[in-house]
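J.: Next comes the sequence, and after it the predicted model I'd like to discuss.
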Amino acid sequence: MKIKPFAALRPIPARAAALASVPYDVVDTAEARALAAGNPDSFLHVSRPEIDLPDTVDIHADAVYAQGAAAFRDLQQRGVLIREPNACLYVYRQIMGGHSQTGLVTCCAIDDYTRNVIRRHEKTRQDKEDDRTRHVLALRANSGPVFLTYRNVEAIDRLVAEVIATAALYDFTAPDKVRHTVWRVTGAAEPWLQAFARVPCAYVADGHHRAAAAVRAGRLSREANPHHTGDEEYNWFLAVLFPAAQLRILPYNRCVADLHGLTPAAFLQQVSARFDCAPTAAAAPAAPRQVHMYLGGQWYRLTWRDTVADPVGSLDVSVLQDRLLAPVLGVDDPRTNARISFVGGIRGTAELAQRCDSGPAAVAFSLYPVSVEQMMAIADADQIMPPKSTWFEPKLRSGLLVHTI
């Protein structure tokens, strides 16, 4: 892997907590507007600029990207975002409840992404990739980091331990109770570059659209620059690299709006023909090869005995899709079928029951989370996971460190 220090735009310490925002893609426009209300320093004015325009404006209109660039300039002009005088690396720790993860904030090479040194496990949607590419080019910046992981390296762990023993640059607890701490690496960057040069590959854990957009923006910038040398900042994108052993994946659960013309009794009969099905008091499965289903006010445990050798086909979410959602409920393509909705594990299983009890959904499915090793094995096999298979928590905050191109 290639990594590089960068001269970050970052908030002054007194405004870091107010400026740092949730990623653009975990909130809709209304939620982003509510979070940024009364806070002109919120980075959501940059990452979700439609919140400062009338609802009648299309979120992909030119005016939206222009508004984001204007908000970005405003934060700099008011001295809320300042430029680091030298290129640096940073260490970023997040603590959520009893879980802690610590990674390196750096720039990664777009060529490593192209050469599959940085590996993916998700397809990107063209509309979302287009949106973020336009956003990067309008700002000339990566406004949010890509969440990468790698198999643990002891030498990197030692470097991180040395940094977190020093004074922090930022240390605050966000409204969602996640504590965010950032340290500037004050020593030489060379040991870090050498250590990561021995890492054979990294994996996009979260932020596939951000990564694809950054790479595409870099390529477009190359094409537009007749004097391209390879040293330009657009050849790099912002990322946080976490060791795999520290990561926690939550399930990505499913709700389906209707039973595809079946009565609850007929549907349950179809389920029982495909799985071992029994009522349970537990809302969440305790192990892989189990899916819990909520139907008519009752949870059911669905299990199966046969195994699938294929790393994608063996995932619980694939078994559910292939044996029940597609053939029985008619959810042919979960990427495009409007009858299925997805609920991140952070919302809990009570959200699934509530959606069924209150009417938007007829049936819900609670899954056991995919492991990091499964995710990496699929990426190593150059395969793609089913959509909405992983939910990583905690989420990286945007705006704490910005890479300009």
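T.: Thanks, I have it. Just so you know, these numbers come straight off a predicted model, no measurement behind them.
J.: Around N253, count how many other residues there are.
T.: By other Cβ atoms under 10 Å, the residues close to N253 number 28. All C-beta atoms are positioned from the backbone trio N, CA, C, and that covers glycine.
J.: so what does whatever helix or strand it lives in touch, helix or strand wise?
T.: Assessed by DSSP states H and E, N253 sits inside strand 252-256. With contacts defined as 3 or more Cβ pairs under 8 Å, 6 or more residues apart in numbering; DSSP states H and E, the packing partners of strand 252-256 are strand 340-344, helix 350-358, strand 363-367.
J.: Same list (those) but as JSON lines, adding mean neighbour count.
T.: Listed next are the helices and strands packed on strand 252-256 as JSON lines, based on neighbours: other Cβ atoms under 10 Å:
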{"stretch": "strand 340-344", "mean neighbour count": "18"}
{"stretch": "helix 350-358", "mean neighbour count": "16"}
{"stretch": "strand 363-367", "mean neighbour count": "25"}
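J.: What residue, apart from its backbone neighbours, is nearest S366 spatially?
T.: H292 (4.2 Å; Cβ to Cβ, 6 or more residues apart in numbering).
J.: so who does the residue most central in space within the chain touch?
T.: With distances taken as Cα atoms, centre = their mean, D206 lies nearest the centre of the chain, 3.0 Å away. By Cβ atoms under 8 Å, 6 or more residues apart in numbering, the contact set of D206 is 146-147, 390, 392, 395-396.
J.: now the strand ranked longest in the chain, how far from the chain's geometric center?
T.: Longest strand of the chain, by residue count under DSSP state E: strand 99-109. A distance of 13 Å separates the C-alpha centroid of strand 99-109 from that of its chain, computed with Cα atoms, centre = their mean, to the nearest Å.
J.: What residues sit buried inside it?
T.: Within strand 99-109, the residues scored as buried using 16 or more other Cβ atoms under 10 Å are 101-109.
J.: quick one: contacts of the helix or strand that that strand is followed by?
T.: Next helix or strand after strand 99-109 toward the C-terminus (DSSP H and E): helix 110-114. Under the criterion Cβ under 8 Å, 6+ apart, residues 1-2, 118, 202, 211, 214-215, 218-219, 234-237 lie in contact with helix 110-114.
J.: one more time with 7 Å
T.: Applying Cβ atoms under 7 Å, 6 or more residues apart in numbering, the contact partners of helix 110-114 are 1-2, 118, 211, 214-215, 218, 235-237.
J.: ok so, going back, so what sits opposite the residue nearest to the centre of the chain in the bridge?
T.: Beta-bridge pairing of D206, defined through DSSP bridges, involves F147.
J.: those strands in the stretch 151-300 of the chain, which residues are they?
T.: 170-173, 179-184, 202-206, 236-243, 249-250, 252-256, 276-280, 290-295, 298-303 (DSSP state E, counting those that start in this stretch).
J.: Would you map the helices across this protein?
T.: Ranges of helices in the chain, per DSSP state H, are 16-19, 29-36, 44-47, 62-77, 110-114, 126-139, 154-163, 190-197, 208-224, 264-274, 316-320, 350-358, 372-380.
J.: of the ones you listed, which approaches R179 most closely?
T.: Using Cβ to Cβ as the measure, helix 16-19 is the one of the helices of the chain that comes nearest R179, at 10.7 Å.
J.: That closest one packs against which elements?
T.: Contacts defined by 3 or more Cβ pairs under 7 Å, 6 or more residues apart in numbering; DSSP states H and E place helix 16-19 against strand 170-173.
J.: packing partners for the helix or strand bottoming out on mean pLDDT in the chain?
T.: Ranking every helix and strand in the chain by mean pLDDT, DSSP states H and E puts strand 391-392 at the bottom, with a mean of 87. Contacts defined by 3+ Cβ pairs under 7 Å, 6+ apart place strand 391-392 against strand 249-250.
J.: For the strand it packs on, which strands pair with it and how are they oriented?
T.: Neighbouring strands of strand 249-250 in its sheet, by DSSP bridges, are strand 391-392 (antiparallel).
J.: which residues of the stretch 151-300 of the chain score low on pLDDT?
T.: Within the stretch 151-300 of the chain, not a single segment meets pLDDT under 70.
J.: Report how many residues lie close to C201.
T.: 16.
J.: now it: how far from N235?
T.: Going from C201 to N235 by Cβ to Cβ, to the nearest Å gives 19 Å.
J.: do the same with R119
T.: Distance, R119 to N235, using Cβ to Cβ: 19 Å.
J.: L159 touches W192, doesn't it?
T.: Yes - assessed by Cβ atoms under 7 Å, L159 is found in contact with W192 at 6.0 Å.
J.: For Y24, which residues are in contact?
T.: Residues in contact with Y24 (Cβ under 7 Å, 6+ apart) are 47-48, 144, 398.
J.: Would you mind telling me which of the helices of the chain is nearest I340?
T.: In terms of Cβ to Cβ, the element of the helices of the chain nearest to I340 is helix 316-320, at 11.0 Å.
J.: Need the residues that contact that closest one.
T.: 288-289, 291, 304, 312, 365, 367-368, 386, 389.
J.: Need the buried ones from those selected in PyMOL.
T.: Of the contacts of helix 316-320, the buried ones go into a single PyMOL selection, burial set by 16+ other Cβ under 10 Å:
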select buried, resi 291+304+312+365+367+368+386+389
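J.: which of the contacts of helix 316-320 lies closest to D380?
T.: Nearest to D380 among these, with distances taken as Cβ to Cβ, is V312, at 12.1 Å.
J.: returning to what we had before: which entries within the contacts of Y24 meet the buried criterion?
T.: 47-48, 144, 398.
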